[in-house]
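[1] With the sequence up front, the predicted model follows.
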Amino acid sequence: MAMKSAASSAIRSLLSSSSSTFSRNLHAPAERKKIVGVFYKGGEYAKLNPNFVGCVEGALGIREWLESLGHQYIVTDDKEGSNSELDKHLHDAHIIISTPFHPAYVTAERIKKAKNLELLLTAGIGSDHVDLKAAAAAGLTVAEVTGSNVVSVAEDELLRILVLVRNFLPGYHQAVNGEWNVAGIAHRAYDLEGKTIGTVGAGRIGKLLLQRLKPFNCNLLYYDRLRMNPELEKEIGAKFEEELDAMLPKCDVIVINMPLTEQTRGLFDKNRIAKCKKGVVIVNNARGAIMDTQAIADACTSGHVAGNSKTSSQKILSTTKTYETAIMIFVMNNLYRLWRGCLACATSSKGSSMAIHAKSCNDSSYFWHYHRCTGIIEFLYYLGSFIM
Ligand SMILES: NC(=O)C1=CN([C@@H]2O[C@H](COP(=O)(O)OP(=O)(O)OC[C@H]3O[C@@H](n4cnc5c(N)ncnc54)[C@H](O)[C@@H]3O)[C@@H](O)[C@H]2O)C=CC1
């Protein structure tokens, strides 16, 4: 209910907005649109929290609004293969909404089938599930809600660093199994204080992580194609590294916070992992494909990497046999974090200041719109500009 009333007030304030994107579309003739939302099933958990809207049952809390405007809103979790519910609706869908937690992979083949498609909207961060070149060629707009869950993610990264550096998991398993073997934990449990921690990518999430790490009295480094302004760098207390390969051997902990692009796919291959300090802890917050799965599994096996935490979708869990094997072997030093659908529930309702980061693919060179908006409003703003 809270989300629904937030949505209604957001829409009311958007209607009074004089923004060019919005007013352009307000003057366009009203057309009944077909919107397909692809989310994971909430199941029993959907009933536990009325604000848990990021699932099929919650439908992002926008069903009432969309239907009151005469639009058709199909919501499904069935997205794989040509017989999927998603594919059944592709031919006449105008808008597809998806999340990185249960991504609808919009391939060139799907784009070709979707003759009416106008907007691919991610209720979250990252558009790597969309074939951007094919979307650009088809004149589609691809938009994501940059900044939407960055605090949740930065806090989660801090948690994962601590879990691995403090060697929390074996202790947990001992407690659960009624064991007491202090040496089994203590031989590789460390303090964060005094450790060198480097983030590869220091954008919204990377910066928040560095800010959170400052009180731990660590030596903080960052590598990014863009350097922070000197005041911010000083405030955060992190040192800029111009070369990734020069930073890696210095780090006890490496956190990956950059998007998956053509430049970053496979960035952490065998050779690059070999450049890291022996016993390094790696927390990959970004997409799995930045890391060579076999290379990281091998490095865990050899002990070159002492701890590894990655985010993953279920698909990767169930299909990457090699890595599953590695998980079995290295259950103690691998922390495998499943993406969580905390987005719409925990973060957007806070109404913190955020930005829409929309890639408008009207020609082959993307140009970028930036709108400063508030929480869930940014998502509705972009959707509204296509349907009202
Ligand atoms: N695991 C999770 O639950 C989540 C993961 N993410 C992932 O985290 C990534 C980062 O998110 P944000 O910090 O919000 O993005 P952002 O766009 O604010 O920051 C990304 C940073 O990476 C840098 N960068 C990009 N390509 C680079 C390259 N080739 N070389 C050097 N630096 C490069 C950019 O300059 C920028 O500073 C997302 O793209 C997404 O894949 C985001 C949200 C949730």
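    Yep, that arrived.

[2] can you pull the pLDDT of residue 295?
    Looking at residue 295, its pLDDT reads 92.

[3] nearest residue to it other than its sequence neighbours?
    Spatially, and ignoring its direct neighbours in sequence, residue 295 is nearest to residue 270 (4.2 Å; Cβ to Cβ, 6 or more residues apart in numbering). Placement of C-beta: from N, CA and C, glycine included.

[4] Settle this for me: that neighbour is touching residue 292, isn't it.
    Yes. Between residue 270 and residue 292 there is a contact at 6.4 Å, judged by Cβ atoms under 8 Å.

[5] more crowded one of the two?
    Under the criterion of other Cβ atoms under 10 Å, the comparison of residue 270 against residue 292 puts residue 292 first, with 20 against 12.

[6] what ranges do the strands span in this structure?
    Under the criterion DSSP state E, strands of the chain are mapped to 34-38, 72-76, 95-98, 119-122, 141-144, 196-200, 219-223, 238-241, 253-256, 280-284, 305-312, 334-338, 353-360, 367-374.

[7] okay, those strands in JSON lines with mean pLDDT next?
    As requested, these are exported to JSON lines (pLDDT from 0 to 100):
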{"stretch": "strand 34-38", "mean pLDDT": "97"}
{"stretch": "strand 72-76", "mean pLDDT": "98"}
{"stretch": "strand 95-98", "mean pLDDT": "96"}
{"stretch": "strand 119-122", "mean pLDDT": "92"}
{"stretch": "strand 141-144", "mean pLDDT": "88"}
{"stretch": "strand 196-200", "mean pLDDT": "98"}
{"stretch": "strand 219-223", "mean pLDDT": "98"}
{"stretch": "strand 238-241", "mean pLDDT": "98"}
{"stretch": "strand 253-256", "mean pLDDT": "97"}
{"stretch": "strand 280-284", "mean pLDDT": "92"}
{"stretch": "strand 305-312", "mean pLDDT": "81"}
{"stretch": "strand 334-338", "mean pLDDT": "46"}
{"stretch": "strand 353-360", "mean pLDDT": "29"}
{"stretch": "strand 367-374", "mean pLDDT": "30"}
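
[8] Kindly present the ones you listed as a markdown table, with separate columns for distance to the ligand and mean neighbour count.
    Converted to a markdown table, the strands of the chain look like this (distance: least, Cβ to the nearest ligand atom, whole Å; neighbours: other Cβ atoms under 10 Å):
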| stretch | distance to the ligand | mean neighbour count |
| --- | --- | --- |
| strand 34-38 | 17 | 23 |
| strand 72-76 | 22 | 17 |
| strand 95-98 | 14 | 24 |
| strand 119-122 | 10 | 24 |
| strand 141-144 | 9 | 23 |
| strand 196-200 | 7 | 25 |
| strand 219-223 | 7 | 22 |
| strand 238-241 | 11 | 19 |
| strand 253-256 | 8 | 26 |
| strand 280-284 | 9 | 25 |
| strand 305-312 | 4 | 23 |
| strand 334-338 | 8 | 17 |
| strand 353-360 | 7 | 20 |
| strand 367-374 | 11 | 14 |
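
[9] Nearest to residue 84, out of these?
    Evaluated over the strands of the chain, closeness to residue 84 peaks at strand 72-76, with 7.9 Å, by Cβ to Cβ.

[10] Who is residue 120 paired with across the strands?
    Assessed by DSSP bridges, residue 120 has beta-bridge partners residue 96, residue 142.

[11] Enumerate the residues of the stretch 151-300 of the chain near the ligand.
    Residues of the stretch 151-300 of the chain lying close to the ligand (Cβ under 6 Å from any ligand atom) are 153, 201-206, 224-226, 257-261, 263-264, 285-287.

[12] one more time with 5 Å, if that's ok
    Within the stretch 151-300 of the chain, the residues that sit near the ligand (Cβ under 5 Å from any ligand atom) are 153, 201, 203-205, 224-226, 258-259, 263, 285-287.

[13] Quick check on those: which are buried?
    The neighbour-count test (16 or more other Cβ atoms under 10 Å) marks 153, 201, 203-205, 224, 258, 285-287 as buried among those.

[14] before we move on, back to that, a markdown table for the residues of the stretch 151-300 of the chain next to the ligand, including pLDDT?
    Below are those laid out as a markdown table (pLDDT from 0 to 100):
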| residue | pLDDT |
| --- | --- |
| 153 | 88 |
| 201 | 98 |
| 203 | 95 |
| 204 | 92 |
| 205 | 94 |
| 224 | 98 |
| 225 | 97 |
| 226 | 96 |
| 258 | 94 |
| 259 | 90 |
| 263 | 93 |
| 285 | 87 |
| 286 | 87 |
| 287 | 86 |
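
[15] Show me the domain layout of the chain.
    Domain segmentation of the chain under the TED database yields 34-144, 150-320.

[16] Residue 384 is nearest to which of these?
    Closest approach to residue 384 among the domains of the chain (Cβ to Cβ): domain 34-144, 9.1 Å.

[17] Give the full set of residues in contact with the residue in the stretch 201-350 of the chain that the ligand sits nearest to.
    Closest residue of the stretch 201-350 of the chain to the ligand, Cβ to the nearest ligand atom: residue 203 (1.7 Å). Residue 203 is in contact with 224, 257-258, counting by Cβ atoms under 8 Å, 6 or more residues apart in numbering.
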